[in-house]
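Visitor: what follows is a predicted structure for the sequence shown.
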Amino acid sequence: MQERSATKGPLPPLPTLAATPEDAAAKKLAQEERDAAVRGVASIAAMRDAVKEHARSLSIPSQIPRFKRLDAAAFAARAIEGLPFIITGLVGRWPLCGLTPAQMRERYGDLHVRARVGDYIRQPFRADRPMRDMLLSEYLDLEPERIHGAGDPPPYVGNLELRELNRLCHWPAYFRKMGPPRFWLGPVGTMTPLHCDFDDNIFAQVWGRKRIFLAPPHHDEYVYASEANPVLFGSPFDPEAPDFDAYPLARQAATVSCVVEPGDMLYVPAGWFHQVRALEFSLSSNRWARGVPLALHEDHPVRVRA
């Protein structure tokens with residue numbers, strides 16, 4: 001999705017929907033083949049099924065545990081269980097954490113960014129959802145009472161590459177291969193609705209606090225999940241304001257919530273549903289692993305053999 005770039009020049013055009021169902025099917029197949037090759041698996045569908053099957057053996061925690069400054073070996077030993085947890089003592093040391101919004105505006109205000117606008121919560125994964133291009137300085141200067149229409153959430157600069165900030169982030173070497181850092185910037189009320197990515201994810205909280213609701217992969221039916229792309233599934237269910245009349249199966253969904261504080265890093269295992277809401281003006285960054293999820297053992301049959 002083209003919203004993922006930010007540069008000192010104009011942003012690329014927004015993506016468009018496929019012209020015909022046949023074009024959409026061909027595009028989906030090509031993407032699934034690329035996704036499988038990048039992750040070293042024979043089939044993305046088989047990987048999804050394996051993640052859900054593993055999750056069925058888990059005991060879902062009542063709260064998210066916190067651990068201090070895990071090294072790569074200690075992280076892997078915990079992550080192989082396939083349960084989320086928070087790591088402290090790493091992110092707070094990043095130079096980015098010492099940067100204030102005013103300093104970011106002064107140093108990086110000429111970056112072109114793309115904000116989600118309108119009611120992006122109700123159409124979170126559509127390729128043609130409304131966007132607004134602006135400079136980072138313009139976004140940071142938006143007045144709270146003027147940044148959204150009645151009933152709409154505030155504009156959200158989300159899932160964006162800000163390469164100029166990468167040198168200010170010291171990511172731990174928890175995975176053999178990771179995608180580039182993505183940045184998430186916005187005021188109170190910005191959010192990403194319930195969804196899951198079938199990649200392991202480490203999520204770093206830099207400024208402010210966010211509340212995150214999580215649900216296990218095999219409860220996809222209970223949260224009425226639907227496919228946005230081969231490694232991304234969205235849900236219309238809101239665990240913060242559950243409507244069990246509209247979504248009666250959601251009564252069976254196991255959810256657990258946590259608040260990530262500045263300096264926290266949350267590990268979200270592949271396939272875990274999560275909903276993220278800013279409780280304060282927030283800056284976050286995350287990276288997705290690009291490999292077989294850690295919860296699937298080394299000799300799991302989904303892996304492509306060399």
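Guide: Ah, there it is. These figures come from a predicted structure and were not determined experimentally. Numbers count the residues shown, from 1 in each chain.
Visitor: what's around Val41, how many residues?
Guide: Val41 has 24 neighbouring residues, counting by other CB atoms under 10 Å. In this view, the C-beta of every residue, glycine as well, is placed from N, C-alpha and C.
Visitor: so who does it touch?
Guide: 47, 292, 302-304 (CB atoms under 8 Å, 6 or more residues apart in numbering).
Visitor: return the subset of those lying in helices.
Guide: Counting by DSSP state H, the part of the contacts of Val41 found in helices is Met47.
Visitor: most neighbours of all the contacts of Val41, which one?
Guide: Counting neighbours by other CB under 10 Å, Met47 comes out on top of those with 27 neighbours.
Visitor: could you check the pLDDT of that one?
Guide: If you check Met47, the pLDDT there is 97.
Visitor: was I right to think it contacts Arg39?
Guide: Yes. Judged on CB atoms under 8 Å, Met47 makes contact with Arg39 at a distance of 6.9 Å.
Visitor: okay, and the common contacts of these two?
Guide: Common neighbours of Met47 and Arg39 (CB under 8 Å, 6+ apart) are Val292.
Visitor: rewinding a little: between the contacts of Val41, which is closest to Ala204?
Guide: Among these, Val292 lies closest to Ala204 (CB to CB), at 22.8 Å.
Visitor: pretty sure the closest one sits against Gly40.
Guide: Yes. If you go by CB under 8 Å, Val292 and Gly40 touch, sitting 6.0 Å apart.
Visitor: what touches both of these two?
Guide: Listed as contacting both Val292 and Gly40 by CB under 8 Å, 6+ apart are Arg303.
Visitor: from Ala42, how far out is Arg34?
Guide: The gap separating Arg34 from Ala42 is 14 Å, by CB to CB, to the nearest Å.
Visitor: whoops, I mixed them up, Asp49
Guide: From Asp49 to Ala42 the distance is 12 Å (CB to CB).
Visitor: need the three-state assignment for Arg78.
Guide: At Arg78 the chain is in helix, as set by DSSP: H, G, I helix; E, B strand; the rest coil.
Visitor: that one - how many residues pack around it?
Guide: 17.
Visitor: just checking, it touches Phe67?
Guide: Yes. Shown here, Arg78 and Phe67 form a contact pair, counting by CB under 8 Å, at 7.0 Å.
Visitor: any residues in contact with both of these two?
Guide: Taking CB under 8 Å, 6+ apart as the criterion, Arg78 and Phe67 both touch Phe85.
Visitor: and the residue nearest to Arg48 when sequence neighbours are not counted, its phi and psi?
Guide: Among residues not flanking Arg48 along the chain, Phe198 sits closest, at 5.4 Å (CB to CB, 6 or more residues apart in numbering). Dihedral angles of Phe198 (phi, psi; degrees, to the nearest 10) stand at phi -90, psi 40.
Visitor: straight-line length of stretch 187-204, end to end?
Guide: End-to-end distance for stretch 187-204: 17 Å, by CA to CA, to the nearest Å.
Visitor: now do stretch 118-135
Guide: 18 Å.
Visitor: give the buried residues for that stretch.
Guide: 118, 120-121, 124-125, 129, 131, 134-135 (16 or more other CB atoms under 10 Å).
Visitor: identify the residues contacting Ala253.
Guide: 215, 219, 222-223, 237, 239.
Visitor: which of those are buried? Put it as a PyMOL command.
Guide: What follows is the PyMOL syntax for the buried subset of those, where burial is set by 16+ other CB under 10 Å:
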select buried, resi 215+219+222+223+237+239
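Visitor: just give me the closest of the contacts of Ala253 to Ala246.
Guide: Distances from Ala246 to these, taken by CB to CB, are shortest for Phe237, at 8.4 Å.
Visitor: okay, and the closest one sits in which element?
Guide: In the assignment (DSSP states H and E), Phe237 maps to no helix and no strand.
Visitor: now it: how far from Arg126?
Guide: Relative to Arg126, Phe237 is positioned 18 Å away (CB to CB).
Visitor: the nearest residue to Val260 once chain neighbours are set aside pairs with what?
Guide: By the measure of CB to CB, 6+ apart, the closest residue to Val260 outside its immediate chain neighbours is Gln205, 4.2 Å from it. With DSSP bridges applied, Gln205 shows beta-bridge pairing to Ser284.
Visitor: from what I see, Gln205 and Ser282 are in contact.
Guide: Yes. Counting by CB under 8 Å, Gln205 touches Ser282, with 7.3 Å between them.
Visitor: who's more crowded, those two?
Guide: Neighbour comparison, Gln205 and Ser282: the larger count goes to Gln205, with 26 against 22 (by other CB under 10 Å).
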